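Colleague: Kindly return the folded structure for what I paste below:
(2 chains)
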Number of protein chains: 2
Amino acid sequence: MSFEEKTMKTEKIYEGKMLNLRIDTVELPDKKYSKREIVEHPGAVAIVPITEEGEVILVKQYRKAVEKELLEIPAGKLEIGEEPRETAIRELKEETGFSSAKIEYITEFYTSAGFTNEKMHLFLATELTEGAAEPEKDEYIEVIKLDLETLIDKVLKGEILDSKTIIGALIAKNHFENKENN
Amino acid sequence: MSFEEKTMKTEKIYEGKMLNLRIDTVELPDKKYSKREIVEHPGAVAIVPITEEGEVILVKQYRKAVEKELLEIPAGKLEIGEEPRETAIRELKEETGFSSAKIEYITEFYTSAGFTNEKMHLFLATELTEGAAEPEKDEYIEVIKLDLETLIDKVLKGEILDSKTIIGALIAKNHFENKENN
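Modeller: Below is the predicted model of the structure:
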């Protein structure tokens, strides 16, 4: 059974710096037409950087879209022609100052597939070396370290509001538990 | 330390059925201006419905934004004036046919706070009764049941591509483990 929706018409509404918006007119399986509002996004990476001591390097930053400061794992958009792994190395350094001798691909997911194609590539970064952060000119970031266990507690208490950070923390926990069991 | 960004100007680009797009000109902490492209979304709910036998009720549907069929927990947008719990009850019934005698609020999170205010409210639904699904006219949905353990395996293998489903599965697992320990 396939429910694929055929594009009958595409209307470009906006082409911007970070995202584009288009409306697709699609043909449904019953041959009727419907509209889909789609936000085009270049994709992004997120990194769970963990020190030898089991601390996660997090960033706190103001997010205008939600009018709140959020505690998040480091992340950033893919630049044109950039491989996710390169983006992960670059963003980790820019946002936190840390470099990693071991960046492992963990998984990837769509942040909100109902309206955007944004795909998030998740990495685990260990064997860290501290250096100076190099934030972009419109980024104001505070680096915060938290034990993985403390972060997981916060996730389970609903204190972490950022989806990629919830996923990164819970998957990192499983990753380390599986390693211990093998 | 506060990095709050003051809105100096707002430009409405698009007002749609499911989302709006606006561009805010903001004042940064160094008093310089920058632009933020923001997708306004009414918010949504997602439900982890689990049967007495430990099976999770999932839905498979085509997502035009990513041009793929995704396996997801049931979910849906908040209607105007609707409480998240009501939306959860309504969407569970519409998409899967199941009713729940026990809907518990689990947590909430932002799907992609870098560009959208979409907030997802997550519920756990147990004590289920099966009935007929009532999908909306432009929704084509297949109901699929998977053991929670099988779903977690798929999450850890990177086979689940939908962020709310990854979060729902991992948090439900922790929820049940904590119950067993108490």
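
Colleague: Identify each buried residue in the helix or strand hosting residue A:179, please.
Modeller: Here residue A:179 sits within helix A:163-181, counting by DSSP states H and E. Across helix A:163-181, burial judged by 16 or more other CB atoms under 10 Å in any protein chain shown covers A:163, A:164, A:165, A:166, A:167, A:168, A:169, A:170, A:171, A:172, A:173, A:175. (Each C-beta comes from the backbone N, C-alpha and C, glycine too.)

Colleague: Now do the same contact list for the first one.
Modeller: The reference is to residue A:163. By CB atoms under 8 Å, 6 or more residues apart in numbering or on different chains, the contact list for residue A:163 reads A:111, B:109, B:110, B:111, B:112, B:120, B:163, B:164, B:167.

Colleague: Now tabulate those in JSON lines and tack on pLDDT.
Modeller: As requested, the contacts of residue A:163 are arranged in JSON lines below (pLDDT from 0 to 100):
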{"residue": "A:111", "pLDDT": "98"}
{"residue": "B:109", "pLDDT": "98"}
{"residue": "B:110", "pLDDT": "98"}
{"residue": "B:111", "pLDDT": "98"}
{"residue": "B:112", "pLDDT": "98"}
{"residue": "B:120", "pLDDT": "98"}
{"residue": "B:163", "pLDDT": "98"}
{"residue": "B:164", "pLDDT": "98"}
{"residue": "B:167", "pLDDT": "98"}
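
Colleague: Tell me which two in the residues you listed are the farthest apart.
Modeller: Within the contacts of residue A:163, two members stand farthest from each other by CB to CB: B:112 and B:167, at 13.0 Å.

Colleague: Bridging across strands, which residues link to residue A:45?
Modeller: Residue A:45 forms beta bridges with residue A:76, residue A:121, as assigned by DSSP bridges.

Colleague: Am I right that it is in contact with residue A:87?
Modeller: Yes. Counting by CB atoms under 8 Å, residue A:45 does reach residue A:87; the two are 4.5 Å apart.

Colleague: okay, those two: which has more neighbours?
Modeller: More neighbours surround residue A:45 than the other of residue A:45 and residue A:87, with 29 against 23 (other CB atoms under 10 Å in any protein chain shown).

Colleague: just how off-centre is the least confident helix or strand in chain A by mean pLDDT within its chain?
Modeller: Ranking every helix and strand in chain A by mean pLDDT, DSSP states H and E puts helix A:163-181 at the bottom, with a mean of 90. Centroid separation between helix A:163-181 and its chain, computed with CA atoms, centre = their mean, to the nearest Å, is 15 Å.

Colleague: Next: stretch A:44-52.
Modeller: Taking the mean of its C-alpha atoms, stretch A:44-52 sits 10 Å from the chain's own mean (CA atoms, centre = their mean).

Colleague: Could you do stretch A:116-126 as well?
Modeller: Relative to the centre of its chain, stretch A:116-126 is centred 5 Å away, using CA atoms, centre = their mean.

Colleague: about what we covered before: which residues do residue A:45 and residue A:87 both contact?
Modeller: Joint contacts of residue A:45 and residue A:87 (CB under 8 Å, 6+ apart) are A:76, A:78, A:121.

Colleague: With neighbour count and pLDDT added, can I get those residues in a markdown table?
Modeller: Formatted as a markdown table, those follow (neighbours: other CB atoms under 10 Å in any protein chain shown; pLDDT from 0 to 100):
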| residue | neighbour count | pLDDT |
| --- | --- | --- |
| A:76 | 20 | 97 |
| A:78 | 19 | 97 |
| A:121 | 21 | 98 |
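
Colleague: just those residues now: which is nearest residue B:30?
Modeller: residue A:76 (20.3 Å).

Colleague: Return the alpha-carbon coordinates of the helix or strand harbouring residue A:60 using CSV.
Modeller: In this structure, residue A:60 sits in strand A:55-63 according to DSSP H and E. The C-alpha trace of strand A:55-63 is given here as CSV (Å, rounded to 0.1, in the frame of the first residue of the first chain):
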residue,chain,number,x,y,z
GLU,A,55,30.2,15.5,31.5
VAL,A,56,28.1,16.7,28.5
ILE,A,57,29.1,20.0,27.0
LEU,A,58,25.9,22.0,26.5
VAL,A,59,25.1,25.5,25.2
LYS,A,60,22.6,27.9,26.5
GLN,A,61,21.2,30.4,24.0
TYR,A,62,18.3,32.6,23.4
ARG,A,63,15.9,31.3,20.8
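
Colleague: I'd like to know which elements that strand is packed against.
Modeller: Counting contacts by 3 or more CB pairs under 8 Å, 6 or more residues apart in numbering or on different chains; DSSP states H and E, strand A:55-63 is packed against strand A:44-49, strand A:68-72, helix A:84-96, strand A:141-147, helix A:148-156, helix A:163-181.

Colleague: same thing but 6 Å
Modeller: strand A:68-72, strand A:141-147 (3 or more CB pairs under 6 Å, 6 or more residues apart in numbering or on different chains; DSSP states H and E).
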